[in-house]
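> I'll drop the sequence and a predicted model, then ask my questions.
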Amino acid sequence: MHQLVLVRHGESAWNKENLFTGWTDVELSERGEEESRDAGRLMKEHGFVFDVAFTSLLKRAVKTLWIMLEQMDQMWIPEHKEWRLNERHYGALQGLNKAQTAEKYGDEQVKLWRRSYEVRPPALPEGDPRHPSFDPRYRSLHKELLPDTECLKDTVERVLPFWEQQAVPALRQGERILIVAHGNSLRGLIKYLDQVSDDGIVGLEIPTGSPLVYQLDHDLKPIRHYYLKDLAQDG
Ligand SMILES: O=C(O)[C@H](O)COP(=O)(O)O
(Lines give C-alpha, C1' and ligand atoms only; values in the text may rest on other atoms or scores of the structure.)
Protein backbone atom coordinates (compact mmCIF):
# COMPACT_ATOMS: atom_id res chain seq x y z
CA MET A 1 0.00 0.00 0.00
CA HIS A 2 1.16 3.53 -0.76
CA GLN A 3 0.51 6.72 1.27
CA LEU A 4 -0.51 9.99 -0.29
CA VAL A 5 -1.74 13.05 1.60
CA LEU A 6 -3.35 16.00 -0.20
CA VAL A 7 -3.83 19.38 1.50
CA ARG A 8 -5.45 22.50 0.08
CA HIS A 9 -3.58 25.56 1.39
CA GLY A 10 -4.96 27.32 4.46
CA GLU A 11 -7.39 30.18 3.98
CA SER A 12 -5.80 32.95 1.93
CA ALA A 13 -6.28 36.71 2.25
CA TRP A 14 -8.41 36.64 -0.92
CA ASN A 15 -10.41 33.60 0.21
CA LYS A 16 -11.26 35.73 3.26
CA GLU A 17 -12.38 38.63 1.02
CA ASN A 18 -14.21 36.24 -1.36
CA LEU A 19 -12.13 37.27 -4.37
CA PHE A 20 -11.33 35.09 -7.39
CA THR A 21 -7.65 34.29 -6.96
CA GLY A 22 -6.31 31.76 -9.47
CA TRP A 23 -2.62 32.47 -10.16
CA THR A 24 -2.55 35.68 -8.13
CA ASP A 25 0.13 35.19 -5.51
CA VAL A 26 -1.58 36.16 -2.24
CA GLU A 27 -0.64 35.53 1.39
CA LEU A 28 -2.34 33.25 3.87
CA SER A 29 -4.77 34.94 6.27
CA GLU A 30 -4.12 34.57 10.02
CA ARG A 31 -6.82 31.89 10.04
CA GLY A 32 -5.04 30.16 7.18
CA GLU A 33 -1.79 30.10 9.14
CA GLU A 34 -3.66 28.67 12.14
CA GLU A 35 -5.31 26.04 9.94
CA SER A 36 -1.85 25.08 8.66
CA ARG A 37 -0.47 24.75 12.20
CA ASP A 38 -3.47 22.64 13.22
CA ALA A 39 -3.03 20.41 10.17
CA GLY A 40 0.65 19.88 10.94
CA ARG A 41 -0.08 19.08 14.57
CA LEU A 42 -2.84 16.65 13.56
CA MET A 43 -0.59 14.78 11.14
CA LYS A 44 2.14 14.64 13.78
CA GLU A 45 -0.30 13.25 16.37
CA HIS A 46 -1.25 10.51 13.89
CA GLY A 47 2.38 9.68 13.20
CA PHE A 48 2.51 10.78 9.56
CA VAL A 49 6.04 10.74 8.16
CA PHE A 50 6.84 11.91 4.64
CA ASP A 51 9.77 11.30 2.32
CA VAL A 52 9.05 14.11 -0.14
CA ALA A 53 6.68 17.06 -0.53
CA PHE A 54 5.29 18.76 -3.64
CA THR A 55 3.66 22.16 -3.84
CA SER A 56 2.90 24.92 -6.31
CA LEU A 57 4.71 28.18 -7.12
CA LEU A 58 2.17 30.18 -5.13
CA LYS A 59 3.10 31.36 -1.66
CA ARG A 60 -0.23 30.41 0.00
CA ALA A 61 0.56 26.75 -0.75
CA VAL A 62 4.30 26.99 -0.07
CA LYS A 63 3.78 28.61 3.34
CA THR A 64 1.09 26.07 4.24
CA LEU A 65 3.62 23.33 3.49
CA TRP A 66 6.37 25.00 5.51
CA ILE A 67 4.12 25.62 8.53
CA MET A 68 2.91 21.99 8.52
CA LEU A 69 6.43 20.59 8.10
CA GLU A 70 7.62 22.77 10.98
CA GLN A 71 4.88 21.39 13.22
CA MET A 72 5.88 17.83 12.22
CA ASP A 73 9.60 18.63 12.59
CA GLN A 74 10.09 17.44 9.01
CA MET A 75 11.31 20.65 7.37
CA TRP A 76 14.37 18.74 6.23
CA ILE A 77 12.55 16.54 3.67
CA PRO A 78 12.98 17.34 -0.06
CA GLU A 79 10.34 19.66 -1.46
CA HIS A 80 9.55 20.34 -5.13
CA LYS A 81 7.69 23.42 -6.34
CA GLU A 82 5.72 22.70 -9.52
CA TRP A 83 3.85 25.23 -11.64
CA ARG A 84 1.55 22.36 -12.68
CA LEU A 85 0.14 22.31 -9.13
CA ASN A 86 -0.87 25.98 -9.33
CA GLU A 87 -4.52 26.81 -8.81
CA ARG A 88 -6.82 26.87 -11.85
CA HIS A 89 -6.25 30.20 -13.65
CA TYR A 90 -9.39 32.32 -13.28
CA GLY A 91 -8.62 34.63 -16.22
CA ALA A 92 -10.17 38.08 -16.14
CA LEU A 93 -12.17 37.13 -13.03
CA GLN A 94 -9.03 37.23 -10.89
CA GLY A 95 -9.38 39.99 -8.31
CA LEU A 96 -13.16 40.31 -8.69
CA ASN A 97 -15.48 39.68 -5.76
CA LYS A 98 -17.37 36.40 -6.26
CA ALA A 99 -20.65 37.70 -4.86
CA GLN A 100 -20.53 40.90 -6.94
CA THR A 101 -19.67 38.85 -10.03
CA ALA A 102 -22.73 36.66 -9.37
CA GLU A 103 -24.91 39.78 -9.07
CA LYS A 104 -23.56 41.02 -12.39
CA TYR A 105 -23.60 37.76 -14.41
CA GLY A 106 -26.02 35.58 -12.40
CA ASP A 107 -25.46 32.71 -9.99
CA GLU A 108 -25.72 30.05 -12.69
CA GLN A 109 -23.03 31.61 -14.86
CA VAL A 110 -20.64 32.00 -11.91
CA LYS A 111 -21.33 28.41 -10.82
CA LEU A 112 -20.47 27.27 -14.35
CA TRP A 113 -17.23 29.25 -14.27
CA ARG A 114 -16.32 27.95 -10.80
CA ARG A 115 -17.39 24.33 -10.85
CA SER A 116 -18.11 23.04 -14.36
CA TYR A 117 -15.60 20.88 -16.18
CA GLU A 118 -15.29 22.56 -19.57
CA VAL A 119 -16.51 26.17 -19.22
CA ARG A 120 -13.65 28.69 -19.16
CA PRO A 121 -13.95 32.06 -17.41
CA PRO A 122 -13.31 35.13 -19.62
CA ALA A 123 -9.61 35.28 -20.57
CA LEU A 124 -7.18 37.97 -19.49
CA PRO A 125 -7.09 40.70 -22.15
CA GLU A 126 -4.12 40.60 -24.55
CA GLY A 127 -1.07 42.19 -22.90
CA ASP A 128 -2.65 42.21 -19.43
CA PRO A 129 0.25 42.66 -16.95
CA ARG A 130 -1.20 39.83 -14.88
CA HIS A 131 -0.46 37.34 -17.67
CA PRO A 132 2.03 34.72 -16.39
CA SER A 133 4.43 35.56 -19.25
CA PHE A 134 5.29 38.77 -17.35
CA ASP A 135 6.07 36.83 -14.15
CA PRO A 136 9.74 35.78 -13.81
CA ARG A 137 8.86 32.56 -12.01
CA TYR A 138 7.48 31.18 -15.30
CA ARG A 139 10.28 32.48 -17.54
CA SER A 140 11.61 28.99 -18.31
CA LEU A 141 8.24 27.76 -19.61
CA HIS A 142 7.12 27.87 -23.23
CA LYS A 143 4.54 30.65 -23.59
CA GLU A 144 1.91 28.28 -24.99
CA LEU A 145 1.90 26.50 -21.64
CA LEU A 146 0.98 29.72 -19.81
CA PRO A 147 -2.78 30.23 -19.42
CA ASP A 148 -4.84 33.39 -19.78
CA THR A 149 -7.78 31.42 -18.39
CA GLU A 150 -8.53 27.78 -17.55
CA CYS A 151 -11.50 25.48 -17.16
CA LEU A 152 -11.09 22.49 -14.86
CA LYS A 153 -10.37 20.25 -17.88
CA ASP A 154 -7.42 22.48 -18.76
CA THR A 155 -6.21 22.22 -15.17
CA VAL A 156 -6.48 18.43 -15.16
CA GLU A 157 -4.49 18.28 -18.40
CA ARG A 158 -1.59 20.24 -16.91
CA VAL A 159 -1.70 18.56 -13.48
CA LEU A 160 -1.59 14.99 -14.84
CA PRO A 161 1.93 15.23 -16.31
CA PHE A 162 3.08 16.21 -12.79
CA TRP A 163 1.26 13.18 -11.38
CA GLU A 164 2.70 10.76 -13.94
CA GLN A 165 6.24 12.15 -14.08
CA GLN A 166 6.82 13.23 -10.45
CA ALA A 167 4.34 11.69 -8.01
CA VAL A 168 4.00 8.20 -9.52
CA PRO A 169 7.77 7.48 -9.64
CA ALA A 170 8.13 8.62 -6.02
CA LEU A 171 5.21 6.44 -4.91
CA ARG A 172 6.52 3.43 -6.86
CA GLN A 173 9.83 3.84 -5.01
CA GLY A 174 7.86 3.52 -1.77
CA GLU A 175 8.10 7.19 -0.87
CA ARG A 176 5.38 8.69 1.31
CA ILE A 177 4.32 11.90 -0.39
CA LEU A 178 2.62 15.09 0.70
CA ILE A 179 1.04 17.36 -1.94
CA VAL A 180 0.01 20.88 -0.88
CA ALA A 181 -1.92 22.63 -3.63
CA HIS A 182 -5.19 24.42 -4.37
CA GLY A 183 -8.92 23.85 -4.41
CA ASN A 184 -9.21 23.28 -8.14
CA SER A 185 -5.84 21.74 -8.93
CA LEU A 186 -6.70 19.17 -6.25
CA ARG A 187 -10.25 18.76 -7.61
CA GLY A 188 -8.62 17.94 -10.92
CA LEU A 189 -6.24 15.38 -9.40
CA ILE A 190 -9.02 13.79 -7.34
CA LYS A 191 -11.24 13.62 -10.45
CA TYR A 192 -8.53 11.52 -12.06
CA LEU A 193 -7.72 9.37 -8.98
CA ASP A 194 -11.34 8.56 -8.17
CA GLN A 195 -12.53 8.54 -11.81
CA VAL A 196 -15.16 11.16 -10.98
CA SER A 197 -17.48 12.00 -13.90
CA ASP A 198 -17.56 15.42 -15.55
CA ASP A 199 -20.98 15.97 -13.97
CA GLY A 200 -19.98 14.49 -10.62
CA ILE A 201 -17.00 16.82 -10.17
CA VAL A 202 -19.31 19.85 -10.07
CA GLY A 203 -20.31 18.99 -6.50
CA LEU A 204 -16.81 18.31 -5.13
CA GLU A 205 -15.51 20.95 -2.71
CA ILE A 206 -12.10 20.79 -0.97
CA PRO A 207 -11.85 22.50 2.44
CA THR A 208 -8.80 24.64 3.27
CA GLY A 209 -6.02 23.27 5.46
CA SER A 210 -7.48 19.80 6.00
CA PRO A 211 -5.26 16.75 5.32
CA LEU A 212 -6.95 14.30 2.93
CA VAL A 213 -5.37 10.86 3.22
CA TYR A 214 -5.34 8.46 0.26
CA GLN A 215 -4.40 4.82 0.62
CA LEU A 216 -3.39 3.46 -2.77
CA ASP A 217 -2.97 -0.15 -3.85
CA HIS A 218 0.03 -1.63 -5.66
CA ASP A 219 -1.26 -0.17 -8.94
CA LEU A 220 -1.72 3.24 -7.28
CA LYS A 221 -5.48 2.90 -7.43
CA PRO A 222 -7.28 4.40 -4.41
CA ILE A 223 -8.36 1.85 -1.80
CA ARG A 224 -9.90 4.48 0.48
CA HIS A 225 -9.61 8.13 1.34
CA TYR A 226 -10.58 10.12 4.41
CA TYR A 227 -10.08 13.52 6.01
CA LEU A 228 -7.79 13.11 9.00
CA LYS A 229 -10.01 15.49 11.00
CA ASP A 230 -12.91 13.00 10.64
CA LEU A 231 -10.72 10.14 11.88
CA ALA A 232 -9.66 12.26 14.85
CA GLN A 233 -13.28 13.13 15.67
CA ASP A 234 -14.31 9.46 15.39
CA GLY A 235 -11.58 8.72 17.92
O1 LIG B 1 -8.77 30.69 -6.96
C2 LIG B 1 -9.66 30.94 -6.14
O3 LIG B 1 -10.46 31.89 -6.18
C4 LIG B 1 -9.84 29.96 -5.00
O5 LIG B 1 -8.62 29.41 -4.66
C6 LIG B 1 -10.76 28.85 -5.41
O7 LIG B 1 -11.86 29.48 -5.86
P8 LIG B 1 -13.20 28.68 -6.16
O9 LIG B 1 -13.49 27.85 -4.92
O10 LIG B 1 -14.17 29.77 -6.41
O11 LIG B 1 -12.91 27.83 -7.35
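Received it, and whenever you're ready, just let me know what you need.
> got the residues of this protein near the ligand?
F20, T21, G22, E87, Y90, R114, H182, G183, N184 (C-beta under 6 Å from any ligand atom). Glycine gets a C-beta too; all of them are placed from N, C-alpha and C.
> ok, now with 5 Å
Neighbours of the ligand within the chain, by C-beta under 5 Å from any ligand atom: F20, T21, G22, E87, R114, G183.
> which ones among the residues you listed map onto helices?
Taking DSSP state H as the definition of helices, the residues of the chain next to the ligand contribute R114, G183.
> show me what contacts the residue in the chain positioned nearest to the ligand?
Closest to the ligand within the chain is T21: 3.5 Å, counting by C-beta to the nearest ligand atom. The neighbours of T21, taking C-beta atoms under 8 Å, 6 or more residues apart in numbering as the test, are S12, W14, N15, E87, Y90, Q94.
> and it, what's its pLDDT?
Per-residue confidence at T21 stands at 98 (pLDDT).
> distance of it from P125?
From T21 across to P125, the span is 18 Å (C-beta to C-beta, to the nearest Å).
> tell me the buried residues in the top helix by length along the chain?
In the chain, assigned by DSSP H, the helix with the most residues is helix 30-45. Within helix 30-45, the residues that qualify as buried are R31, G32, E33, E35, S36, R37, D38, A39, G40, L42, M43, counting by 16 or more other C-beta atoms under 10 Å.
> what packs against that helix?
Judged by 3 or more C-beta pairs under 8 Å, 6 or more residues apart in numbering; DSSP states H and E, helix 30-45 is in contact with helix 13-16, helix 59-72, helix 228-234.
> tell me which of those sits most buried.
helix 59-72 (a mean of 22; mean count of other C-beta atoms under 10 Å).
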